[in-house]
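[1] Below are the sequence and a predicted model for it; my questions follow.
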Amino acid sequence: MADKLYRKQLLELYADKPNFGELKNKTHTIRHKNPVCNDEIVIELQIENNKIIDAKFHGVSCFVSTVSASALLEKIKGMDVDAVKKLSKDDLDKFLGIEVIPTRIGCELLPLEALKKLDANDKEKEDTLK
């Protein structure tokens, strides 16, 4: 029963795509690509005094990456950059309410790995997973 509830919540999250789009007051941009599955995500952040004020994402990504980015960006608003960089897969699983199957972990972690590259002093970062 709980599994069906989580699936329904994930489908709603995907349909609504909160935090999807471009951020007007962005101060930082991170582009992250995964050549294994061709997902590409762009995360735009508004950071003031080392704190994430707002966050949005766009790009071409699968269901799992999209849902993961939507949930993750909602949770990081108001957090310090250093705290965001310490988030783990376990934290992301808690945000999503499920543990993603092993074959889709790369998709789940795409937005988190992008955020781990964040440098508050570097306004634009581009990275491709190896």
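    Done, it's in.
[2] quick one: secondary structure of the closest residue to Ile53 other than its chain neighbours?
    Counting by Cβ to Cβ, 6 or more residues apart in numbering, Ile53 lies nearest to Gln46, which is 4.4 Å off, once chain neighbours are set aside. C-beta here means a position set from N, CA and C on the backbone, and glycine is covered the same way. Following DSSP: H, G, I helix; E, B strand; the rest coil, we place Gln46 in the strand state.
[3] Determine the three-state secondary structure at Glu74.
    Strictly by three-state DSSP, Glu74 counts as helix.
[4] what residues are up against it?
    If you count contacts by Cβ atoms under 8 Å, 6 or more residues apart in numbering, Glu74 has them with 18-19, 95.
[5] Please repeat the previous calculation with a cut-off of 7 Å.
    Neighbour list for Glu74: 18-19 [criterion: Cβ atoms under 7 Å, 6 or more residues apart in numbering].
[6] What distance do you get for it to Val67?
    Per Cβ to Cβ, to the nearest Å, Glu74 is found 11 Å from Val67.
[7] And for Ile30?
    For Ile30, the distance to Val67 (Cβ to Cβ) stands at 18 Å.
[8] in this structure, which spans are helices?
    2-16, 63-76, 81-85, 89-96, 105-116 (DSSP state H).
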